[in-house]
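**Q** have a look at this prediction, sequence included:
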Amino acid sequence: MRVLCIGECMAELAPSDVAGDFRLGFAGDTFNTAWYLARLAPQADVAYFSAVGDDAISNDMRTFIRAGDIDDTDVQTRAGRTVGLYMIALKDGERSFSYWRGQSAARTLADDPAALANAMDRADVIYFSGITLGILDPAGRDTLLEALANARANGKTIAFDPNLRPKLWANGEEMTAQIMRGAAVSDIALPSFEDEADWFGDADPQATANRYLGAGCPSVVVKNGAADVLYVDQGQWGTVTVAALDIVIDTTAAGDSFNAGVFAAIVTGQPLDKGIHTACTLSRQVIGHKGALVPVDAT
Ligand SMILES: Nc1ncnc2c1ncn2[C@@H]1O[C@H](COP(=O)(O)OP(=O)(O)O)[C@@H](O)[C@H]1O
Ligand SMILES: O=C(O)C(=O)C[C@H](O)[C@H](O)COP(=O)(O)O
């Protein structure tokens, strides 16, 4: 099984234990999921699709991707450009981000439809997010969504995390409309209830699930912080209880690592509820540590 994750990896500055000192890493929502999936399912072939520049930090990022056992064959190089950067600020375990990514090479990742089609042809599961859609210009977004629709018609499984990031969009209407275009080409959606309620006005997680079902996405997993995970899979509804972690250190990548748990079940042919249990165990470990990518125990 080959899983292709599509999106932007950035340089990450994460607060260290010393006030004012930051640690340089590499992270980004779809990349984080690829990284955790490669740890959880070493038998799977995990690949990343993106674009980087040709400077030193772009090369360091590529080295980091490969060191994570992630195939970087489909990471394109754009001469004269570089990668995006973000910094995490923490207050009582909740994170906020500052970004410097307006000119990043990843913004051009969908410029070559042939490269997209070729990478998708070689994959079984294809994952993208609302952040992937948000960094693209309208033409790139159309190209990516068309390629995903074609891949789905060819039998690929398409997975989507809406990952709502209002800073990437002109306004809320544009964001919600484009997110639902993403849902319409997907087989499984993995939204987070709090964000969905804020932007779509969903009254409860059932309303979130029903909205994605209505868009044509037949399986939905609704994350909800420490509250139950609600899922619907080909008409079967269920919930999984989360063992709440009392002291949360940093919620960065909670949802990203969770998604990797679900994909690990898909690639190993296990039922979705088993994958959600793995997802909960993994994301609980991740939020107990600082930064997006943390060492994980066997789950
Ligand atoms: N306080 C917590 N205790 C235990 N697990 C948690 C906690 N907060 C989040 N998680 C786990 O992380 C998953 C994703 O969290 P959530 O906050 O909903 O997503 P996101 O990070 O995308 O906003 C949850 O479904 C749950 O499994
Ligand atoms: O690409 C971006 O804009 C990011 O924000 C990168 C972040 O590391 C993850 O997106 C964290 O995502 P959560 O799992 O929701 O905590």
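**A** Good, I have the coordinates. Ligands and ions are numbered 1, 2, ... in the order given.

**Q** make it CA atoms for all contacts and neighbour counts henceforth
**A** OK.

**Q** does ligand 2 sit close to stretch 42-61?
**A** No. On the criterion CA under 6 Å from any ligand atom, stretch 42-61 is out of touch with ligand 2, staying 12.4 Å away.

**Q** what strands line up against the helix or strand bottoming out on mean pLDDT in the chain, and which way round?
**A** When each helix and strand of the chain is scored by mean pLDDT, DSSP states H and E, strand 94-100 comes last, with a mean of 85. Partners of strand 94-100 in the sheet, by DSSP bridges, are strand 85-91 (antiparallel).

**Q** send over the partner strand as CSV, restricted to the C-alpha atoms.
**A** In CSV, the C-alpha atoms belonging to strand 85-91 read as follows (Å, rounded to 0.1, in the frame of the first residue of the first chain):
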residue,chain,number,x,y,z
LEU,A,85,8.3,29.1,8.3
TYR,A,86,6.0,29.1,11.3
MET,A,87,6.5,29.8,15.0
ILE,A,88,4.5,28.2,17.8
ALA,A,89,3.4,30.3,20.8
LEU,A,90,2.1,28.4,23.9
LYS,A,91,-0.3,29.6,26.6
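
**Q** ok, it near ligand 2 or not?
**A** No. Against ligand 2, strand 85-91 shows no contacts by CA under 6 Å from any ligand atom, the least distance being 7.9 Å.

**Q** buried residues, that strand. List them.
**A** For strand 85-91, the neighbour count (16 or more other CA atoms under 10 Å) marks 85, 86, 87, 88, 90 as buried.

**Q** do the least confident helix or strand of the chain and ligand 2 meet?
**A** No. Using CA under 6 Å from any ligand atom, strand 94-100 stays clear of ligand 2, with a minimum separation of 6.9 Å.

**Q** list of residues touching that strand?
**A** Applying CA atoms under 8 Å, 6 or more residues apart in numbering, the contact partners of strand 94-100 are 84, 85, 86, 87, 88, 89, 90, 250, 251, 252.

**Q** that older thread, tell me the least confident of the buried residues of strand 85-91?
**A** Across the set of these, residue 90 stands lowest in pLDDT, at 79.

**Q** that residue and residue 84: what is the separation?
**A** Counting by CA to CA, to the nearest Å, the gap from residue 90 to residue 84 is 20 Å.

**Q** stretch 136-143 close to ligand 2?
**A** No. Stretch 136-143 is not in contact with ligand 2 by CA under 6 Å from any ligand atom; minimum separation 12.6 Å.

**Q** quick one: distance of that stretch to the chain centre.
**A** The chain centroid and the centroid of stretch 136-143 are separated by 18 Å under CA atoms, centre = their mean, to the nearest Å.

**Q** in that stretch, what's buried?
**A** Buried residues in stretch 136-143, defined by neighbour count with 16+ other CA under 10 Å: 136, 140, 141, 143.

**Q** need those residues in TSV (columns: pLDDT, secondary structure and distance to residue 224).
**A** Shown next, in TSV, are the buried residues of stretch 136-143 (pLDDT from 0 to 100; DSSP: H, G, I helix; E, B strand; the rest coil; distance: CA to CA, whole Å):
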residue	pLDDT	secondary structure	distance to residue 224
136	98	coil	28
140	98	helix	31
141	98	helix	28
143	98	helix	32
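
**Q** show me which of these is closest to ligand 2.
**A** Using CA to the nearest ligand atom, residue 136 comes nearest to ligand 2 of the buried residues of stretch 136-143, at 12.6 Å.

**Q** what residues of stretch 200-209 count as buried?
**A** Under the neighbour-count criterion of 16+ other CA under 10 Å, stretch 200-209 has 202, 205, 207, 208, 209 buried.

**Q** I am finished for the moment; much appreciated.
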